[in-house]
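Participant: next comes the sequence, and after it the predicted model I'd like to discuss.
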Amino acid sequence: MTIRPMASLTFFAHLYKAIFRNYHHEMVAPLRMLLTQNSVIFDVGAHAGQYSKMFVRLFPKSHIYAFEPASYTYIILAIVHLLRGWKNVMLVKKGLGHREAILTLSIPIKKSGSFGFGLSHLGHREAHKTYFSEDISITTCDAFVAEQNVKAVDFIKIDIEGSETDMLKGAEHTLSTYRPMLLIEMNDIALQRCGSSYVELWEFLAVRQYTPLLFNESNHAFEQTSTGVDSIDIFWIPAEKIDAIRH
């Protein structure tokens, strides 16, 4: 891919952060309560690998599939993977959706000229912003599970800037067969940009007997939440697993 000079310069800053900085500290406690050393984890929208890095650190014997379709970000992720010697992480340079396709990813260009790669998205663009475009390969979660002969999926983290509903529609068999726990970024503006909505995503999971939970850091407990919450990461737990989590 051909990128602007400023993006080339800031690439090394992004790479440094990906290698040496740790984020999402607030997720350590709930993840330790939900996952085990043998968990099979899908990191959908792996970006520069911050969640994958945390999964490896907390669960070094787990098996992690990191999906990242954008070339700029994937290169960073691949370098992190190499330098850290991850043996239990499989990198997948594809996005997940409801069907196989080649779609155009829009990567925001900041005023400085660098990539805002964490906000890369499909769907409509904002007229007042500048973007870099890249065609990316999309498959479905169900197709990937079948092709790779994945025997279990315990946890799926999904942060794909509005394409969350689309991704889940391509995971019907995975959801019904393996009943994975989910961590989803819920943002109505981003969802609407991709032709969905907060309500549609909520109802999609509710019909499939998933319960929305937030983690209360003050008492280290999961608490059920409602559709009034927006722009927040929500754990979605299969109804049959709720009692085990709360005790």
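Facilitator: In hand now; what should we look at?

Participant: contacts, neighbours, all on C-alpha from now
Facilitator: OK.

Participant: okay, buried residues for the helix or strand where Pro108 lies please.
Facilitator: Pro108 is part of strand 101-109 when elements are defined by DSSP states H and E. Neighbour counts using 16 or more other Cα atoms under 10 Å place 105-109 of strand 101-109 among the buried residues.

Participant: if we take those residues, which one ends up nearest to Arg125?
Facilitator: Top of the list for closeness to Arg125, among the buried residues of strand 101-109 and by Cα to Cα, is Ser106 at 7.4 Å.

Participant: what does the lengthiest strand in the chain contact?
Facilitator: Of all the elements of type strand in the chain, the one with the most residues (DSSP state E) is strand 130-140. By Cα atoms under 8 Å, 6 or more residues apart in numbering, the list of residues contacting strand 130-140 from outside reads 69-70, 93-110, 167, 170-171.

Participant: about what we covered before: average pLDDT across the strand holding Pro108?
Facilitator: Confidence over strand 101-109 (mean pLDDT, whole number) is 91.

Participant: if we can go back for a sec, buried residues in the helix or strand just after the longest strand of the chain?
Facilitator: Using DSSP H and E, the helix or strand that follows strand 130-140 towards the C-terminus is helix 141-147. Using 16+ other Cα under 10 Å as the test for burial, helix 141-147 gives 141-143, 145.

Participant: so which of these comes closest to Ser196?
Facilitator: Taking Cα to Cα as the measure, Ser196 lies nearest Cys141 of these, at 18.5 Å.

Participant: so that closest one sits against Arg99, correct?
Facilitator: No. The criterion here is Cα atoms under 8 Å, and Cys141 misses it with Arg99 at 9.2 Å.

Participant: what is in contact with the two at once?
Facilitator: Taking Cα under 8 Å, 6+ apart as the contact definition, Cys141 and Arg99 share the neighbouring residues Gly170.

Participant: one step back: paired strands for the longest strand of the chain, with orientation please.
Facilitator: strand 95-97 (parallel), strand 101-109 (antiparallel) (DSSP bridges).

Participant: which intervals of this structure have sub-threshold pLDDT?
Facilitator: Across the chain, residues meeting the criterion (pLDDT under 70) sit at 1-9, 113, 127, 228-231, 246-247.

Participant: roughly how far does Ser52 sit from Gly45?
Facilitator: For Ser52, the distance to Gly45 (Cα to Cα, to the nearest Å) stands at 10 Å.

Participant: give me the common contacts of these two.
Facilitator: When contacts are counted by Cα under 8 Å, 6+ apart, Ser52 and Gly45 are jointly contacted by Ala66.

Participant: how about Gly95, what does it touch?
Facilitator: Gly95 is in contact with 44-45, 67-69, 136-139, counting by Cα under 8 Å, 6+ apart.

Participant: and the residues you listed, which is closest to Tyr16?
Facilitator: Tyr16 lies nearest to Glu68 out of the contacts of Gly95, by Cα to Cα, at 18.4 Å.

Participant: doesn't Ala46 make contact with the closest one?
Facilitator: Yes. Look at Glu68 against Ala46 with Cα under 8 Å: they come within range, at 5.4 Å.

Participant: from Ile234, how far out is the nearest residue to Thr104 once chain neighbours are set aside?
Facilitator: On the basis of Cα to Cα, 6 or more residues apart in numbering, the spatially nearest residue to Thr104 that is not a chain neighbour turns out to be Asp135, at 4.4 Å. If you measure Asp135 against Ile234 using Cα to Cα, the figure is 30 Å.

Participant: where do the strands sit along the chain?
Facilitator: So, for the chain - with DSSP E - the strands run 40-44, 63-67, 89-92, 95-97, 101-109, 130-140, 155-158, 181-186, 210-216, 221-224, 232-238.
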